[in-house]
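[1] Predicted model follows, preceded by the sequence.
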Amino acid sequence: MDTPTTRLLTSPDFVRLVSRRWRVSLVLTVCLCVVYYGYILLVAAKKDLLAIRIGDATTLGIPLGAAVIIAAWLLTAIYVIWANRVHDVEVARLRQRLHE
């Protein structure tokens, strides 16, 4: 059955859109995993490094842990900005093409 929906779902534009979304998601996920597991490995392998005092009651591990959280927020923000500026525009264009 050749409906407008099946034509759209098999179109090169739609396939490219889905592929790009997977690529962006995968890259950002890998980045987050590197940051998170890098910190965990640092905790496991270099406790003495993270125990270095940088203040009266603060060690290096605390700001590095906070940096992991901030990195997660930044990677999420990057995805949201990309989705709003690129992905959603392309989805709207394809949706308009479906209703033509």
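    Cool, got the structure. A quick note: this is a predicted structure, and the numbers were derived from the prediction, not measured. Numbering: from 1, shown residues only.
[2] tell me the pLDDT at the residue positioned nearest the centre of the chain?
    In the chain, the C-alpha closest to the average C-alpha coordinate belongs to Leu28, at a distance of 3.1 Å (CA atoms, centre = their mean). If you check Leu28, the pLDDT there is 98.
[3] For it, which non-adjacent residue is closest in space?
    The shortest distance from Leu28 to any residue other than its chain neighbours is 5.0 Å, reached at Leu75 (CB to CB, 6 or more residues apart in numbering). C-beta here means a position set from N, CA and C on the backbone, and glycine is covered the same way.
[4] Let me see the contact set for that neighbour.
    Leu28, Cys31, Leu32 (CB atoms under 8 Å, 6 or more residues apart in numbering).
[5] distance of the second one from Asp88?
    It refers to Cys31. Separation of Cys31 from Asp88 (CB to CB, to the nearest Å) stands at 22 Å.
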